[in-house]
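>>> no sequence on this one, just coordinates:
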C-alpha cells in the first residue's frame, strides 16, 4: 500500500496544466488596440519568452480576432527578443488580460492538446504547449473524458498521493459520470501506474467539476464513502486509499430532514409481510407533499399505481442504472427526461391505517429487463452474501440503495 500524509485542499476552478499559471489583476484601461505590441485590458497575449517577457503578440478578445484558428498568420509585434517572429510554435508564456476564458491548442483549428487560461491569469504554457501552440479560441475547452488529462468538468483519480502520477479522468454528468465498478477502467495519464486497473489502486482525487462526487469502498456505490465537493483535490481517506471501487455524482432525492433510513423498519432488507419478504428499498419518512428530486439524469420509463393509493416513477438513468421513486405523485410520464436535482414529484400520503408518508426508493443495476417487481425471483447476485439470503420479490439486478441517504444535497 502506498502511504502518505492526508492533504485536502480547496481549489478555484482551473483547467491549467503544469503549474505555471498564476493570477494577475487586470489594470483599468481604455478600449484595447489590437496588435499594437502592448498587452492591454481586454486582450489575450502570447509572449516569445518565459514569464511574459520579451516580444508580445496581443489580440483583442471578443471581436473578429478574438479567436485565431492558425497563429502562423501572426507575428510578435512588441519590443524585445522575438519581434517579427511568427507566433505559431514560438510562444512560451501568456497573459489573459480579458474577462473571458481562452483556450490554447497544440494544432490549428482548435485541435489537439489544450490548456484553458482563465480571466486574469498569466504564466508559462504547459510543457506540452511551450513552443508548440498553433491556435486559440475564446472559451473553455470541453472535457473529452478518458484522455489522461484532468480537464474542467471531470472527476479524476490518481495513482499516487497529492494528485500525482498517472490519472484516470471521467467527465461528470454524462454516461460516465457515475461508475459502479472501477475494475473496468485503467489509469491513462503519463507517470507511475499507467495501465493499472483503477479499482483499489487510487490514492488521491481531484474533483475538477461543478458537482459533488462521492467515492465508495465497494462496487455499486456501497460501503464507506467520501464526498469531494467541486474544486476539491487531495488524498482519499485512510479507509479508501487503495480501497475504492466506485463513485457517483448523484444528489440526495430528499432535501428535507428525515429519520435515519437504517432505523425502525425503514432499512434495506427489513422484514415485511410477517417475514415472507424483505424490504427492497429504503424509506425517507417525511411529511405529505415533500418535494422529491431526481438523483441524476435519466428518462422516465413508467409511472404507475404503486402502493396504497400512491404512485411510482421509474427512471432509467444515463449511467444505465434504474431508480424507482415510490409512494409519490408526479406529473411526469414515460419518455420525459429528467436532470439531476430537478423536482420530479412530491411525497404522497398512503391510504393505510397509519396514513404514513415517505419516499420509498429502490435501486437497480439496469443490466436486465422486465418488471421491477418479480414475486418468484430468488437470485440477487449484486447484493452481499448476507443480503442474498433474503426474499425481496424483485428483479435480479436489485442493489442496496442505502447510500442515497448520505449523498450531498447540492
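Cool, the structure landed. Keep in mind that what you see is a predicted model, and the values were worked out from it rather than measured. Numbers count the residues shown, from 1 in each chain.

>>> and residue 179, what does it touch?
Going by Cβ atoms under 8 Å, 6 or more residues apart in numbering, residue 179 touches 170, 185, 246-248, 319. For glycine as for every other residue, the C-beta is placed from the backbone atoms N, C-alpha and C.

>>> from those residues, which is closest to residue 356?
residue 248 (28.8 Å; Cβ to Cβ).

>>> how about that closest one, what does it touch?
By Cβ under 8 Å, 6+ apart, the residues touching residue 248 are 177-180, 213-214, 216, 221, 296, 319.

>>> same question for residue 292.
By Cβ under 8 Å, 6+ apart, the neighbours of residue 292 are 253-254, 325, 328, 330, 343-347, 359.

>>> next, it: phi, psi?
Backbone dihedrals for residue 292, given as degrees, to the nearest 10, come out at phi -120, psi 130.

>>> for it, give me the pLDDT.
pLDDT recorded at residue 292 is 98.

>>> so what's residue 107 bridging to?
Beta-bridge pairing for residue 107 (DSSP bridges): residue 111.

>>> can I see the domain layout of this protein?
According to automatic domain parsing, the chain comprises the domains 11-138, 146-248, 271-406.

>>> compare these and give me the one nearest residue 262.
The minimum distance between residue 262 and these falls on domain 271-406, with 6.9 Å, by Cβ to Cβ.

>>> the closest one spans what distance, first to last residue?
Distance between the two ends of domain 271-406: 23 Å, counting by Cα to Cα, to the nearest Å.

>>> and what of stretch 44-60?
6 Å.

>>> start the count at 535 instead of 1 going forward.
That works, and once the first residue is 535, the last one we named lands at stretch 578-594.

>>> list the buried ones in it?
By 16 or more other Cβ atoms under 10 Å, the buried positions in stretch 578-594 come out as 578-583, 586, 588-594.

>>> check stretch 785-796 too.
Neighbour-count burial for stretch 785-796 [16+ other Cβ under 10 Å]: 785-789, 792, 795.

>>> same question, stretch 736-748
By neighbour count with 16+ other Cβ under 10 Å, stretch 736-748 contains the buried residues 736-743, 745-748.

>>> state the distance from the most centrally placed residue in the chain to residue 833.
Centroid-nearest residue in the chain: residue 706, 2.8 Å away (criterion: Cα atoms, centre = their mean). Counting by Cβ to Cβ, to the nearest Å, the gap from residue 706 to residue 833 is 19 Å.

>>> likewise residue 566?
According to Cβ to Cβ, residue 566 stands 47 Å off from residue 833.
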